[in-house]
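Asker: prediction below, plus the sequence it came from.
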Amino acid sequence: MSFPDPLVVNVNGVAKSLPRVDSGRYSSEYLLMEATGEYRAKIRNERSKPGIDGRASDRHVLSLKYTLFATATTLQQERMCSVSITHKAFDDITLVDDIAVGTAALITVGNVAKLGSFES
């Protein structure tokens, strides 16, 4: 089952609808162009070659990037956030989901502010 098209992302309380512009080979890209910038989301899935232990790893990455276009008086600005979920191929996906959802729960307004202040 794939992600919806368009992909709706809430940014500062405003729903941004990003239509899918590319897909294939276990990946998709979504893009919303606005007058002053663009929102781009990418979803990638990959399986590595087997490592020393003979087991391959799966990696799933979701990223959202906002680009504020340059003007005559300001430089272009880019802001990005991404999440990566990595596990051994054929691992118990329910347990992988549990740790991923637990990690996502840490992404609160307060914790994002702490990260931005270099707290750890």
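Answerer: Right, received. Where do you want to start?

Asker: which one's the longest helix in the protein?
Answerer: Longest helix of the chain, by residue count under DSSP state H: helix 93-105.

Asker: which elements pack onto it?
Answerer: strand 77-88 (3 or more Cβ pairs under 8 Å, 6 or more residues apart in numbering; DSSP states H and E). (Glycine included, C-beta is placed from N, CA and C.)

Asker: give me the contacts around the strand it packs on.
Answerer: If you take Cβ atoms under 8 Å, 6 or more residues apart in numbering as the criterion, strand 77-88 is touched by 55-68, 96, 100, 103-104.

Asker: just to revisit the earlier point, what angle separates the longest helix of the chain from strand 77-88?
Answerer: 150 degrees (axes from the mean of the first three to the mean of the last three Cα atoms, to 10 degrees).

Asker: for helix 93-105, which residues meet the burial criterion?
Answerer: Neighbour counts over helix 93-105 (16 or more other Cβ atoms under 10 Å) mark 96, 100 as buried.

Asker: any of the contacts of strand 77-88 buried? List them.
Answerer: 57, 58, 60, 62, 64, 66, 67, 96, 100.
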